[in-house]
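> the following block contains a protein sequence and its predicted model.
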Amino acid sequence: MRVDLKDPHRYPLLRFRTVSFNHKSLCHWDFWRMSTTGEIEQSYRGVQTHMEALDRLMGEILSADVGCVDDMLKYAGRYSGKRLRPALVFIIGDMCGETTDKHVRLGAVVELIHMATLVHDDVLDRATIRRNHDSVNIRWNNKDAILLGDIMFARAIRLLVTIGNMRALDLLTGAVSTICEGEIQQNQLSGDFSVDFVTYKQIIERKTASLYAAGCELAALLGGANEKLVTAFSNFGMSLGTAFQVIDDCLDLTGDENVVGKSLGTDIKNGKMTLPLIHLLAELTGAEKTQVEELIQRDNCTNEEVKEIRVLLADHGSIDHSLSLARGYVQESLSPLRDLLPARDFAVVEEIAGFVLERRL
């Protein structure tokens, strides 16, 4: 059945508005009462003690006796931005009963895995900037960057063992494998115009959403939630992670590098078939479609050519289409939580979802 996201009775938290997006007027979904940066930081304050404990633990983990490795680990520490994934672990843990030291270690594991994937991603994407600084592979070299990511994965798994929960060990080691599988699948399909929405969604669920889902599920489990709530949070994490990656793919094509703080346009340059490009190619015909396909298949097209594609994406509503789908995923995943959580807790989860959907970095 086709879901009409514009129906205000079916989706009362959604409202429709028009905003200026990259100098183009685009239709844009917005959650009612969704968070700004200030509001997400307010949610963080509720778990400030846990975030401080996380900082201390991460400081211990991101160090080494070998001087050059210690330098690289500390430098890679800046890859940790707002630490949304561990914050979710702590927030969900509190909602489900009690947040303990196991949640702090779980938060560190999730963040370490995420950071390791970023180090590896920058090598794979030939990126040069991360968090407004040289990426690790540029500051040092590709070989050492790959090894550094491996060190971070290994330390995450060693810390994971100390939690003493077999379900956690199974889920998160499985998530690492799934992330790598998703990356390989995307690499193998580089420049392949047969990639459709279903395949794209499978890829981003593997490479991004699986870690969100595992973190949310385990946070609820360790907090003492019943299985119904654990499953609801797992589904929420999967939808939130999927939306996060869709937004990320949109930012790669339309964002401001100075705001986002990392190399942009890498998806086109590497021939990655992301949702906005899949939609654009479905809208184009004739010589215009052929030209875009040739640019995507060309190894490392120019910044000017990327700008030309950006104009087409705006003209054909491809970014708007992608953002609307992302909001739909999250809205559907929020529905079960509304019935399972007190109104105050649900509002916090809703604010976090809004932050992800409205982020510009």
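Done, it's in. Numbering: from 1, shown residues only.
> any weak-confidence spans in the stretch 201-350 of the chain?
Within the stretch 201-350 of the chain, the stretches with pLDDT under 70 are 257-263, 299.
> again, only this time at 90
Applying pLDDT under 90 to the stretch 201-350 of the chain flags residues 252-272, 291-292, 294-310, 329-330, 332-333, 335.
> where along it do the helices fall?
210-223, 227-254, 257-260, 266-269, 275-283, 286-297, 303-315, 318-340, 343-358 (DSSP state H, counting those that start in this stretch).
> so of these, which one's packed in deepest?
helix 210-223 (a mean of 26; mean count of other C-beta atoms under 10 Å). Backbone N, C-alpha and C define where each C-beta goes, glycine included.
> so which elements touch that one?
helix 84-96, helix 101-124, helix 166-188, helix 227-254 (3 or more C-beta pairs under 8 Å, 6 or more residues apart in numbering; DSSP states H and E).
> for the longest one, packing partners?
In this structure, helix 227-254 packs against helix 84-96, helix 197-204, helix 210-223, helix 266-269, helix 275-283, helix 303-315, helix 318-340, helix 343-358, with contacts taken as 3+ C-beta pairs under 8 Å, 6+ apart.
> closest one to Gln188 among these?
Nearest to Gln188 among those is helix 197-204 (10.1 Å), distances taken as C-beta to C-beta.
> touching the closest one from outside, list them.
Helix 197-204 is contacted from outside by 182, 185-186, 189, 241-242, 245-246, 249, 273-275, 278, using C-beta atoms under 8 Å, 6 or more residues apart in numbering.
> go through these and name the one nearest Val104.
Gly241 (21.2 Å).
> quick one: that closest one and Thr208 touch, right?
Yes - the criterion here is C-beta atoms under 8 Å, and Gly241 meets it with Thr208 at 5.0 Å.
> out of the helices and strands packed on helix 210-223, flag the one nearest Ile138.
helix 101-124 (8.0 Å).
> sorry, back to before: so for Gln42, which of the helices of the stretch 201-350 of the chain sits nearest?
Between Gln42 and the helices of the stretch 201-350 of the chain, the shortest gap by C-beta to C-beta is with helix 343-358, which sits at 8.0 Å.
> tell me what angle the closest one forms with helix 84-96.
Helix 343-358 runs at 170 degrees relative to helix 84-96, counting by axes from the mean of the first three to the mean of the last three C-alpha atoms, to 10 degrees.
> name the helices or strands packed onto helix 343-358?
Helix 343-358 packs on strand 24-31, helix 37-45, helix 84-96, helix 227-254, helix 318-340, going by 3+ C-beta pairs under 8 Å, 6+ apart.
> tell me which of those lies nearest to Ser177.
The closest of the helices and strands packed on helix 343-358 to Ser177 is helix 227-254. By C-beta to C-beta, the value is 16.1 Å.
> and that closest one with helix 166-188, angle?
Calculated by the same axes, to 10 degrees, helix 227-254 forms an angle of 30 degrees with helix 166-188.
> OK, contacts around the residue nearest to Met72 when sequence neighbours are not counted?
Distance criterion C-beta to C-beta, 6 or more residues apart in numbering; nearest residue to Met72, sequence neighbours excluded, is Leu148 at 5.1 Å. Leu148 is in contact with Val69, Met72, Leu73, Ala76, Val119, Val136, Trp140, counting by C-beta under 8 Å, 6+ apart.
> surely the first one is in contact with Asp150?
No - when contacts are counted by C-beta under 8 Å, Val69 is not listed as touching Asp150 (11.5 Å).
> quick one: which of the helices and strands packed on helix 227-254 is nearest Ala168?
Across those, closest to Ala168 is helix 210-223 (C-beta to C-beta), at 5.1 Å.
> measure the most centrally placed residue in the chain to Gly107 for me?
By C-alpha atoms, centre = their mean, the chain has its centre lying nearest to Phe244, at 4.0 Å. From Phe244 over to Gly107 the distance is 17 Å, taken as C-beta to C-beta, to the nearest Å.
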